[in-house]
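> Build the 3D model from these lines:
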Amino acid sequence: MEKFSKYKLKNKFSYTILLILICAALFKFAYPYIDGTGELERGILTFHAIDAGQGDSFLFTFPEGSTMLVDAGTEESGAKIVRYLKKTGVKKIDVLAASHPHSDHIGGMQEVMDNFPIGKVWDSGYNHGSKLQINFYKRIKAENIPFGRPKRGFTENIDGAEVEFIAPLSGQKGIGSDANNNSLVFLVTYGNVSFLMTGDMEKDERRSIKNFPKCTVLKAPHHGSSNGTDRLFLAQTRPEAVVISYERGNSYGHPHKEVVRAIKKAGIRRFDTADGSLCLRTDGRNLTFPKERQID
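Here you go, the predicted model:
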């Protein structure tokens, strides 16, 4: 009787362990995620600021796994961005957004399109006429990729997150010859957490927008240039954190000293892609910051 009890107990214990392992496997399968380590998690939105040198590239992974890449850096950084996306676990890009057609924002687009299927393209609509932009448009047309030029007031829901366009305005006048001031500017909101994407917006485009929304994270306009960010803009948007994309030692002096001082004086967390790529994660209530990357 004693031997039987021990045998029964041993088998019960083994069965319990097996059941736990099966449940764990099913849980992982049912809740895949992308958090910067190649893994996925439903209900979580991730924001990646990719080190693209003196250029811009940002990845959003939405709560159900949809992806949006905003800009693709320079031609030279294209391969690096692709490697980062693959390492992060990206298999496709549902939305490819070109904030404006300067080479430090669309230079890597061809490399990205060579490596990932693209669901649709959002474009600023500004005709720069460069060879890079012409080839970008030719590729979109040749592959019959859905194409749109969203303006202020356009919104789209992606996996429970809202993307709301603030600029450019339809029929905008006075800044028609400036690609920077025709940048796509939009707010990505998930629950109580929001990200304001600004391209290379400068003062003229800012003046065309009467009221900027508050945001949790601000992508500093124009690589931290003084014509993109100042104390008034920070007071309007009231971010908890600012992300600045630039290459250390660049010839433009980015980020400008006035901007650095304004951010510090306002007591806002600051993160620079010059220190490497970073990932922020939110469940719509809380936002996880990489504290070791914060710049005082």
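> any low-confidence regions in the stretch 151-296 of the chain?
Counting by pLDDT under 70, the stretch 151-296 of the chain has low-confidence residues at 171-177, 291-296.
> Show me where the protein has its helices.
Taking DSSP state H, the helices of the chain run over residues 2-30, 78-88, 103-106, 109-115, 131-142, 203-207, 231-237, 257-265.
> Pick out the shakiest of these, pLDDT-wise.
Mean pLDDT is lowest for helix 2-30 among the helices of the chain, at a mean of 43.
> Measure how buried residue 46 is and give me the count.
Neighbour count for residue 46, taken as other C-beta atoms under 10 Å: 22. All C-beta spots, glycine's among them, are computed from the backbone N, C-alpha and C.
> confidence score at it?
pLDDT for residue 46: 97.
> Kindly state the beta-bridge partners for it.
residue 61, residue 281 (DSSP bridges).
> pretty sure it contacts residue 283?
No. Using C-beta atoms under 8 Å as the test, residue 46 is too far from residue 283 to be in contact (10.7 Å).
> residues contacting residue 202?
For residue 202, the contact set (C-beta atoms under 8 Å, 6 or more residues apart in numbering) comprises 178, 180-181, 221-222, 225, 227-228.
> Looking at those, which is nearest residue 190?
residue 221 (21.8 Å; C-beta to C-beta).
> distance of residue 286 from residue 46?
Separation of residue 286 from residue 46 (C-beta to C-beta, to the nearest Å): 13 Å.
> Quick one: buried ones out of the contacts of residue 202?
By neighbour count, with 16 or more other C-beta atoms under 10 Å, those hold 180-181, 221-222, 225, 227-228 as buried.
> from these, which single one is nearest residue 59?
Set against residue 59, the nearest of the buried ones among the contacts of residue 202 by C-beta to C-beta is residue 221 (18.9 Å).
> measure that closest one to residue 134 for me?
Taking C-beta to C-beta, one finds residue 221 at 26 Å from residue 134.
> Let me see the contact set for the closest residue to residue 58 other than its chain neighbours.
Spatially, and ignoring its direct neighbours in sequence, residue 58 is nearest to residue 70 (4.4 Å; C-beta to C-beta, 6 or more residues apart in numbering). Going by C-beta under 8 Å, 6+ apart, residue 70 touches 56-60, 97, 99, 197.
> export these to JSON lines and tack on neighbour count and distance to residue 273?
Output for those, formatted as JSON lines (neighbours: other C-beta atoms under 10 Å; distance: C-beta to C-beta, whole Å):
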{"residue": "56", "neighbour count": "30", "distance to residue 273": "9"}
{"residue": "57", "neighbour count": "30", "distance to residue 273": "9"}
{"residue": "58", "neighbour count": "24", "distance to residue 273": "9"}
{"residue": "59", "neighbour count": "23", "distance to residue 273": "12"}
{"residue": "60", "neighbour count": "24", "distance to residue 273": "16"}
{"residue": "97", "neighbour count": "25", "distance to residue 273": "17"}
{"residue": "99", "neighbour count": "29", "distance to residue 273": "15"}
{"residue": "197", "neighbour count": "29", "distance to residue 273": "14"}
